[in-house]
Structures are given as C-alpha cells and as structure tokens.
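Visitor: turn this into a model:
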Amino acid sequence: MEGSVFFTHIPKTAGTSIKERVFQNWVEKHDAEVTSCRGYWHLFRSQPRTDFLEGHYAYGVHRLLFGRGNTARYFVMLRDPIDRAISQYHFIRTCNNPWYRHPRLNEVRDQDLVSFYREPENQNLLTKYAAGFQWELIGRHISLDGQIGQRVLNCAKTHLVNRYEAYGLQERFEASARLFADRLGVKVEEAAKRAKETSDRPAVSDLSAPVRQEMHDRNALDVALYRFAKNRFEDQFEETMGRSSKTA
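Guide: Next comes the predicted model:
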C-alpha cells in the first residue's frame with residue numbers, strides 16, 4: 001500500500017457513489033484502516049493512524065497529521081457548480097427522516113435558494129475545498145472576492161494539476177470511476193442504486209434568468225474552476241489510461 005488516501009468529499013458531487021464503487025474496493029484490498037474526519041481540530045488532536053480518511057474536509061489535512069506529508073494521495077470529485085448548489089440546498093431542506101435530520105434544516109427552511117448562497121459559508125465550495133482547509137475555514141466567514149478570490153482560485157487550479165493524483169467530474173462519472181480505480185489499482189464495483197439522490201428539486205434551466213445570474217455571481221470561482229477542470233479532463237483521462245495500457 002503506497003500512502004494514505006485522502007478523498008476530498010465535497011457535498012453533492014457523487015462522493016458517496018464513488019466511495020462505494022471505487023474506494024471501498026481499495027479499502028478491502030489492503031485491509032485498510034478507515035477513519036472519519038470530525039473536524040480539523042479533532043483530527044489534529046486525535047492524530048489517527050489512518051489509511052483512508054472519510055468525511056467532508058478540504059485539501060491539505062495531511063499536514064495536520066504528523067509524518068503524512070510524503071504519503072498523502074488525494075482525489076476529488078467536482079460537479080457543475082450551479083447544479084451542485086441547487087442539489088445541496090434542496091438536500092438540506094428535505095433531509096428530515098427518522099434516521100437522519102440535517103443539522104442545518106431549520107436554518108435552510110427559513111431561506112430561499114438565493115438567500116442561502118448570499119452567505120459566505122455556502123459559496124464556492126469546489127474552490128475552497130480544492131484550495132485547502134485554511135481557505136475553507138476563512139471562506140466560512142467572508143466572501144472570497146477580488147484579489148483574494150483570484151489567489152484562492154489559482155491555488156485550487158494548482159492543486160488539481162500538481163497535488164491531486166486524479167480528479168473526477170460528476171457528469172463523467174463512469175470515466176472518473178475508471179480513472180480513480182486505475183490509479184488505485186482496483187476494479188470499479190457494479191453500479192447500485194444511487195445514494196442520497198435529491199428528488200423534487202429544480203434543474204438549472206428551471207431557474208429564472210435573474211436567479212441563475214446571482215447564483216453564477218455568488219459562485220463565480222467555482223464556475224471558473226469547473227471550466228478549467230472540464231477543459232483538461234480528457235487529457236488527464238487519456239494520459240492515465242494510456243499509461244496503464246502500455247504497462248499492462
């Protein structure tokens with residue numbers, strides 16, 4: 001086993017599905033120790049000896065774990081930012097079941113979609129998570145606009161290219177699963193029922209033009225990052241799969 005695996009699980013990016021179909025096979029193959037991230041401070045205090053860290057956390061948390069700097073293998077899934085934002089908002093609003101009630105349910109019920117994304121904490125999650133946990137923490141309290149926003153965006157792009165072993169796109173899920181599995185040396189599990197599917201939610205095309213524009217503006221960094229990622233996804237895929245075919 002070559003290093004610990006860190007999956008940057010951004011909410012509503014098909015992260016649960018990719019874990020079930022790819023990462024779980026890696027865990028079973030290596031009899032790997034799995035740890036749940038319950039926050040950055042808890043991670044720093046507990047110093048778990050983990051092989052696979054699950055949970056919603058940003059890039060760079062290996063720095064909180066002593067001695068993991070040279071063994072961290074990062075992966076991330078991305079999704080169209082406006083579609084992801086709609087899905088997250090409606091998921092929280094409808095997540096009121098006997099087995100799980102979302103901790104932000106009451107808060108979101110008092111807000112419409114636009115109001116929810118006027119709060120800095122909810123904006124540009126793709127970029128903040130890919131840029132690093134420091135930016136994700138800062139971005140919970142302030143909107144990352146202007147020069148600081150450009151700096152965070154550039155950081156996220158650099159990490160995608162130079163720090164992540166691979167990244168995937170929700171709209172290219174099957175190709176992304178093959179890419180991750182190839183990098184990890186495992187097979188892709190057969191598809192099962194989609195997990196945590198959000199029903200009764202509008203599509204991006206259902207939003208009025210002013211709402212779409214504001215959602216775009218509030219998540220402009222994510223729009224730019226996703227465009228960047230889409231433009232180079234095929235090159236990433238072909239490079240990895242081509243290398244695999246030559247060594248097979």
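
Visitor: where do the strands sit along this structure?
Guide: Secondary structure of the chain (DSSP state E): strands located at 4-8, 34-36, 52-54, 72-78, 96-97, 100-101, 164-169.

Visitor: in a markdown table: those strands, plus mean neighbour count, distance to residue 107 and mean pLDDT.
Guide: In this view, the C-beta of every residue, glycine as well, is placed from N, C-alpha and C. As requested, the strands of the chain are exported to a markdown table (neighbours: other C-beta atoms under 10 Å; distance: least, C-beta to C-beta, whole Å; pLDDT from 0 to 100):
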| stretch | mean neighbour count | distance to residue 107 | mean pLDDT |
| --- | --- | --- | --- |
| strand 4-8 | 24 | 24 | 96 |
| strand 34-36 | 15 | 23 | 95 |
| strand 52-54 | 21 | 25 | 95 |
| strand 72-78 | 24 | 26 | 97 |
| strand 96-97 | 10 | 13 | 82 |
| strand 100-101 | 10 | 12 | 85 |
| strand 164-169 | 21 | 30 | 97 |
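
Visitor: nearest to residue 211, of those?
Guide: strand 72-78 (22.3 Å; C-beta to C-beta).

Visitor: what does the pLDDT read for residue 241?
Guide: With respect to pLDDT, residue 241 scores 76.

Visitor: how close does it get to residue 182?
Guide: Noted for residue 241: a distance of 6 Å to residue 182, by C-beta to C-beta, to the nearest Å.

Visitor: tell me how many other residues crowd the nearest residue to residue 172 once chain neighbours are set aside.
Guide: If the residues on either side of it in the chain are set aside, residue 172 comes closest to residue 233, at 6.5 Å by C-beta to C-beta, 6 or more residues apart in numbering. Counted with other C-beta atoms under 10 Å, the neighbours of residue 233 add up to 19.

Visitor: from residue 226, how far out is residue 233?
Guide: For residue 233 relative to residue 226 (C-beta to C-beta), the value is 10 Å.

Visitor: low pLDDT regions in this protein?
Guide: 1, 67-70, 193-199, 242-248 (pLDDT under 70).

Visitor: one step back: among the strands of the chain, which is nearest residue 121?
Guide: strand 4-8 (17.4 Å).

Visitor: contacts for that closest one?
Guide: Residues outside strand 4-8 that contact it (C-beta atoms under 8 Å, 6 or more residues apart in numbering) are 15, 18-19, 23, 26, 32, 50-54, 57-59, 61-62, 68, 71-76, 129-130, 164, 184.

Visitor: in the top helix by length along the chain, which residues are buried?
Guide: In the chain, assigned by DSSP state H, the helix with the most residues is helix 220-247. Neighbour-count burial for helix 220-247 flags 220-226, 228-229, 233, 236-237, 240 (criterion: 16 or more other C-beta atoms under 10 Å).

Visitor: elements contacting that helix?
Guide: Helices and strands touching helix 220-247, by 3 or more C-beta pairs under 8 Å, 6 or more residues apart in numbering; DSSP states H and E, are strand 72-78, helix 81-94, helix 125-131, helix 146-162, strand 164-169, helix 173-184.

Visitor: the second one versus strand 72-78: what angle between them?
Guide: It stands for helix 81-94. 90 degrees (axes from the mean of the first three to the mean of the last three C-alpha atoms, to 10 degrees).
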